[in-house]
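Visitor: Build me a model from this:
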Amino acid sequence: MKILKVEDEARIEHNMKIGNDLYLQYQAISIVKLIEELEVFKERCVELDKHDHDTPINILHCISRKLRLMV
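Guide: Predicted coordinates:
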């Protein structure tokens, strides 16, 4: 088993933090893109089933609201 120097451990920890930050940024971008796609889909669905409360558009409104809270 190799013994790490303090500098090595600090560098590894720093690189892990950078990797975690990049992953979180990627997740945020993915959520924003998903919201944008849902908005486009929602606009296309508006004309369909205006009187039914369980339409895909109402479901998309709910999903969109929940995703906005995550960002």
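Visitor: Compute the number of surrounding residues for residue 56.
Guide: 13 (other CB atoms under 10 Å). Heads up, the C-betas are built off the backbone N, CA and C, glycines and all.
Visitor: same check, this time on residue 41
Guide: 13.
Visitor: where's it, which helix or strand?
Guide: For residue 41, the host element (DSSP states H and E) is helix 6-45.
Visitor: And the pLDDT for the residue most central in space within the chain?
Guide: Per CA atoms, centre = their mean, the C-alpha nearest to the average position across the chain is that of residue 31, at 2.6 Å. pLDDT recorded at residue 31 is 83.
Visitor: And for residue 17?
Guide: pLDDT, residue 17: 91.
Visitor: Next: residue 71.
Guide: So, for residue 71, pLDDT stands at 59.
Visitor: picking up where we left off before, I figured the residue nearest to the centre of the chain hits residue 66, correct?
Guide: No: counting by CB atoms under 8 Å, residue 31 stays clear of residue 66, with 10.5 Å between them.
Visitor: how near is residue 3 to residue 40?
Guide: 55 Å (CB to CB, to the nearest Å).
Visitor: Could you check which of these two has the larger neighbour count?
Guide: Per other CB under 10 Å, whichever of residue 3 and residue 40 has more neighbours is residue 40, with 10 against 5.
Visitor: which ones are touching the more buried one?
Guide: By CB atoms under 8 Å, 6 or more residues apart in numbering, no residues touch residue 40.
Visitor: so how far is residue 68 from it?
Guide: Applying CB to CB to residue 40 and residue 68 gives a distance of 15 Å.
Visitor: what about the protein, any weak spots by pLDDT?
Guide: Residue ranges of the chain with pLDDT under 70: 1-2, 4, 45-55, 57, 70-71.
Visitor: Distance check, residue 38 against residue 13.
Guide: 37 Å.
Visitor: So for those two, which sits in the more crowded spot?
Guide: A direct count of neighbours by other CB under 10 Å for residue 38 and residue 13 places residue 38 higher, at 15 against 10.
Visitor: quick one: that one and residue 14, what's the gap?
Guide: For residue 38 relative to residue 14 (CB to CB), the value is 37 Å.
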